[in-house]
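Asks: Provide a 3D model corresponding to the input given below.
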Amino acid sequence: MRKSATAMALAVTAVLLAGCGGGAESGDGGGDGGAKNAATGAPSAKPKGDAKADGPAVGPTREVTIEVAGGEGSTQVYYNLGDDNGAEQVSLPWKKTAKVTLKGAEIKVGSLVSVAPGSVKGSDGMLKAASCVITVDGKKVADNQDGALPKPCEYTLK
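Replies: The predicted structure follows:
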């Protein structure tokens, strides 16, 4: 019960933090804010992306994969993957991949990516944390060591 409450608190916190992205409109200095080149008067170059011309700055796009394994059957999974946050009952093994583009303040402070797996039955018949892994652009950045670490997998994407 305590692990479920902790995982739910983590998921809620992650959702709340993801909604606090800020932006150049609030004057946070996140990008050039549509500044013009002093010599030509033309708009300065901005990174390409899906931002509006006067919207927040857009940073790099990363391919992020979250995985949960550690047995057969199913488990509850809470995750924060860019703009895609949620909780699902999933069949194991489970994997989700998304392209995450950093925007506004996320370019400077980062964006939390996390996966909190539920419990699975171990080889001894006892429940244990499922295994989780996060990879960014093909490189492993977080791992709970096959469920040995008593916390979810987390990584600040920058």
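
Asks: who are the packing partners of the longest strand seen in the chain?
Replies: Looking across the chain with DSSP state E, the single longest strand is strand 58-69. Applying 3 or more Cβ pairs under 8 Å, 6 or more residues apart in numbering; DSSP states H and E, we find strand 58-69 packed against strand 74-81, strand 94-103, strand 111-117, strand 131-136, strand 153-157. C-beta: built from backbone N, CA, C; applies to glycine.

Asks: which residues are in contact with the last one?
Replies: It refers to strand 153-157. Contacts to strand 153-157, defined as Cβ atoms under 8 Å, 6 or more residues apart in numbering, come from residues 62, 64, 66, 100, 102, 106, 110-116, 132-134, 136, 141-144.

Asks: now the buried members of those residues.
Replies: 62, 64, 66, 100, 102, 106, 111-116, 132-134, 136, 141-142, 144 (16 or more other Cβ atoms under 10 Å).

Asks: name the helix or strand of this protein that has the lowest mean pLDDT.
Replies: helix 2-18 (a mean of 46; mean pLDDT, DSSP states H and E).

Asks: ok so, going back, indicate which one of the helices and strands packed on strand 58-69 is closest to Pro56.
Replies: Closest approach to Pro56 among those (Cβ to Cβ): strand 94-103, 5.0 Å.
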